[in-house]
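A.B. asks: predicted structure and sequence below. I'll ask about it afterward.
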Amino acid sequence: MAHRPADPWSLAALSISEALALALAEAGVLTKDEVCGAIDDAASAHRDAARWSVDAGIHRQAAWLSDRVRSSIDAACVTGTPPTRHARGAIRTRHRHG
């Protein structure tokens, strides 16, 4: 993928979205599969749009970036760790170390 100067607004939005997706998965609000599925849907929508859009290149790049975010979320999330409920109803995951 060709590199272009990053638009700071887009870069910030991407970083914030990735952080929120990871936080939702780690907090047990959504499962890792739900988060990754939503990202897969977004990437697929961009791939579809690339077939007919005058901005096909932008959509291909968005799909590629979505795939990178999905890989990051997939690698970062602890699998098989059920959320636990704490006193005030907050949901948290148990983190494994090591």
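C.D. replies: Structure received. Numbering: from 1, shown residues only.

A.B. asks: now do the helix or strand containing residue 37, average pLDDT.
C.D. replies: Using DSSP states H and E, the secondary-structure element containing residue 37 is helix 32-50. Computed over helix 32-50, the mean pLDDT rounds to 93.

A.B. asks: any idea how far it is from the chain center?
C.D. replies: 9 Å (Cα atoms, centre = their mean, to the nearest Å).

A.B. asks: what's that helix in contact with?
C.D. replies: Here helix 32-50 makes contact (Cβ atoms under 8 Å, 6 or more residues apart in numbering) with 21-22, 24-25, 30, 55-57, 59-60, 62-63, 66-67, 69-70, 73-74, 77, 79. In this view, the C-beta of every residue, glycine as well, is placed from N, C-alpha and C.

A.B. asks: buried subset of those as a ChimeraX selection?
C.D. replies: Provided next is the ChimeraX selection string for whichever of these are buried by 16 or more other Cβ atoms under 10 Å:
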select :21,22,24,25,30,59,60,62,63,66,67,69,70,73,77
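
A.B. asks: out of the contacts of helix 32-50, name the ones that lie in strands.
C.D. replies: Counting by DSSP state E, none of the members of those fall within strands.
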